[in-house]
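In: kindly generate the corresponding structure for this input.
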Amino acid sequence: MNKKNVLLIALITIFASAIVPNTMYAQQTSHVENNNKPQWSNLCKSYATSLVFGGLTGSMTSILARHAANKAFKMFANPDPKLDNPGAFIVTFISILYAEYKLRNRLVDDVNESFKDNAIQHKKNLTGDAAWIASWIVFLVS
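Out: This is a model prediction of the structure:
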């Protein structure tokens, strides 16, 4: 993935995280209805919010992990005898995956907390699951 694509994804993520929650909060407060019928629009908003932000979060952290893994692979692929240690590469690779996991979970927790603070309907577990699935798909495909 080239730098322009990564920059574009980052800008879309920043734009969506700044605009969408405020827009959805304004829509929720302006259209208050008194009936107790299930509303498809509210259901779709809660699932779409979780899927979009979870997917974007997982994609961004996975791109960072993939970039770090490529750098580590290039460093250890060097025929230098000092770096000829497969154990060090395995430990480095596992450390990169663990750091990506911790970063992704921290970001998902922050997003869920932001949704809760702004009274935005979302599915907490779906956000984490979407981030996890998107992370692995992007990591394996890119």
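In: ok, then the element right after the lowest-mean-pLDDT helix or strand in the chain?
Out: Sorting the helices and strands of the chain by mean pLDDT, DSSP states H and E puts helix 3-30 at the bottom, at a mean of 58. Going down the chain from helix 3-30, the next helix or strand is helix 40-76, by DSSP states H and E.
In: and the following helix or strand past that following helix, what does it pack against?
Out: Heading C-terminal from helix 40-76, the first helix or strand you meet, by DSSP H and E, is helix 86-117. With contacts taken as 3 or more CB pairs under 8 Å, 6 or more residues apart in numbering; DSSP states H and E, helix 86-117 sits against helix 3-30, helix 40-76, helix 124-141. Every C-beta, even on glycine, is put in place using the N, C-alpha and C of the backbone.
In: and the longest one, average pLDDT?
Out: Across helix 40-76, pLDDT averages out at 84.
In: start the count at 49, not 1, going forward
Out: Sure thing, new numbering starts at 49, so read that last one as helix 88-124.
In: pull out the buried positions in that helix.
Out: 93-94, 97-114, 116-117, 120, 124 (16 or more other CB atoms under 10 Å).
In: tell me the angle of it relative to helix 172-189?
Out: Taking axes from the mean of the first three to the mean of the last three CA atoms, to 10 degrees, helix 88-124 and helix 172-189 form an angle of 40 degrees between their directions.
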